[in-house]
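dropping the sequence and predicted coords here.
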Amino acid sequence: MLISRNAFFYFAIFSLLTACSQAQKNESTLSGHFEDSSMAQLEPYRGRLSFVPEYLPGQNVIVSEEIFALAGSNMLMNILDAGVAKLYVVMVGAKSGEDASGGLKAVLRRRVEFVLAKNDVKIPPETIAKLDALFARIVPIEQESPLYKRDAETDEPTVWARDWSPLASRDATGTNYIMDLNYYPVRPVDDSTSRAFLRYFQSILTGDPAVATQPVKRVSLPIYNEGGNFMNTSQWCFMSERIVEANSKSGRRGIFFSADDARFANNKISADISFDKDALISFYNSFGCRNTQIFSRLPSEGTGHIDMWAKIVSEDTVLVSDLGDESIDRASTPEANVLRGGRRSAAEDIRDMRVMQVFLREKQQWFRDHGFRVFLLPMPTNIFNFDADEYKKAYDGQISDGKTPDEAKRFAEDWASNIVTRSYTNSLMVNGTLVTPRYLKFNGKLDYPDASLLDAYENKVRMVIEGVGLKVEFVETDALIAQGGSVHCTTMQVPW
């Protein structure tokens, strides 16, 4: 997911992330990165592990401390109401000059109250009561990056917990495993999360974080993936070609970092393993999956994540987005034109959504052809947003940095442009409840082009979800979706 603006992450930062992978090797040599695996080290696990599906009962959920700033406490309360025992909140420890008294949970509580007070001026008593109930079940997990020189721009966890959290796996004996994949070299704090959980489990079991005995085991995987681009049943694992791009030795979406930036000097990857599509399928089929399907990316959507258009809710049942004609036609409304800022035409938006419509219907049929029951959730009108104020700030900043007017213009247009794909499949499933996005106003301010359809969307979503035997809880996620993600993107269910 993105850092601050959707366009910056998917366009600007990828210009910094270039391939530096050499000829394929049989082990991963990473300088300052957090993966320490090799294919030889993985061999004992071949064929032994199975990823735990999201639809199985689970007691605990991982989020980032940043969720409070973007979604407040309501979404987290909905998650707890679904029967979650623990809410793991991944956070950085007390900073220089910050009050560290009372331990990590007290530090987190003070940070949350500061954020809420900034937004509400005075925190009302009912919010304090909610926080009391919430913090009774919060377990803080301290994220750190011991091999990395902390930097103001990179030492905070991002909100996208789904992408950097470990995946859960089990073997035939019921032993739980933390499956630790590569994550962005420029996000070392996020990438340290699996090790942070390992330290936590070591600590609660032995009282000594240095003792290597724990109720779960960590397995380091020498490949890159983001949790939003992974779903599974006991028989299938699904992802998009985003994973192929990310693990490629070339291509603008590869994550292998080689920029000449001193801040990231410890995070360059000198010779990591690279995988093509066939190699990735073979890898996943050996270490956690039985059958692996890699779909093409959803057209016009920035993340490339499968959770933006599909949701597995049981062994043979999948919810898939469907972009209807009525939603597509709303690209012609005055509200859509306001959001476009005059940078695109309605015809261009309609053209791109027609392509997306065809993609979704092809994937619906793929699941039917492979024995799944397919239920359709409406996909709202896609939004092409251009923010003139952000454009001016970005342009002026680039000129100040010595860029040419043409370079500054290209960067600023990417920064200020934001393609927003709202989705009801981007939900969290916890113990038979789908915590599902609700979309009210773009960035909490502007009307969506399909504002008059929002009630109909939700009625359809509720009917479908309850029709497959699940409960639904809607939570407002306008601030999150404006940044490129929603409920699923910011949460990770775990069985430990």
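Done, it's in.

quickly run through the sheet partners of the longest strand along the chain, with directions.
Taking DSSP state E as the criterion, the chain has its longest strand at strand 216-224. If you go by DSSP bridges, strand 216-224 pairs up with strand 176-182 (parallel).

and the helices in the stretch 301-450 of the chain?
In the stretch 301-450 of the chain, the segments counted as helices under DSSP state H, counting those that start in this stretch are 325-329, 334-340, 346-369, 388-400, 405-416.

how about those helices, which one is nearest Asp171?
Smallest distance to Asp171 across these (CB to CB): 28.4 Å, for helix 346-369. (C-beta placed from N, C-alpha, C; glycine too.)

tell me how many other residues crowd the nearest residue to Tyr424 once chain neighbours are set aside.
Distance criterion CB to CB, 6 or more residues apart in numbering; nearest residue to Tyr424, sequence neighbours excluded, is Leu377 at 4.5 Å. Using other CB atoms under 10 Å, Leu377 has 21 neighbouring residues.

which strand residues bridge Leu377?
The partner residues for Leu377, given DSSP bridges, come to Ser321.

how near is it to Arg218?
35 Å (CB to CB, to the nearest Å).

please apply the same query to Met179.
Distance, Met179 to Arg218, using CB to CB: 8 Å.

joint contacts of these two?
Shared contacts of Met179 and Arg218, defined by CB atoms under 8 Å, 6 or more residues apart in numbering, comprise 166, 194.

neighbour-wise, which of these two wins?
A count of neighbours by other CB under 10 Å puts Met179 above the other of Met179 and Arg218, at 22 against 16.

bridging across strands, which residues link to the more buried one?
Leu167, Val219.

got the contact list for it?
Contacts for Met179 were tallied using CB under 8 Å, 6+ apart; they are 49, 51, 166-169, 194, 219, 221, 288.

save those as TSV, and put in pLDDT too.
Rendered in TSV, the data for the contacts of Met179 read as follows (pLDDT from 0 to 100):
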residue	pLDDT
Leu49	94
Phe51	96
Pro166	92
Leu167	94
Ala168	93
Ser169	94
Ser194	87
Val219	89
Leu221	86
Gly288	91
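
and these as TSV, adding distance to Asn426 and neighbour count?
Compiled in TSV, the contacts of Met179 are given as follows (distance: CB to CB, whole Å; neighbours: other CB atoms under 10 Å):
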residue	distance to Asn426	neighbour count
Leu49	27	20
Phe51	19	21
Pro166	20	25
Leu167	18	21
Ala168	20	24
Ser169	23	22
Ser194	23	22
Val219	27	22
Leu221	24	23
Gly288	23	26
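
which of those sits closest to Gly58?
For the contacts of Met179, the closest approach to Gly58 (CB to CB) belongs to Ala168, at 8.4 Å.

list the contacts of stretch 123-141.
Contacts for stretch 123-141 (CB under 8 Å, 6+ apart): 62, 73-74, 76-77, 80, 84-91, 104-105, 107-109, 112-113, 116-117, 120, 193, 196-197, 200.

next one: that stretch to chain centre, how far?
24 Å (CA atoms, centre = their mean, to the nearest Å).

tell me the phi and psi of the residue nearest to Ile312 when sequence neighbours are not counted?
Distances taken as CB to CB, 6+ apart put Met231 closest to Ile312, at 4.9 Å, once the chain neighbours are dropped. Dihedral angles of Met231 (phi, psi; degrees, to the nearest 10) stand at phi -140, psi 150.

Met231 contacts Asn225, doesn't it?
No - between Met231 and Asn225 there is no contact under CB atoms under 8 Å: 11.7 Å.
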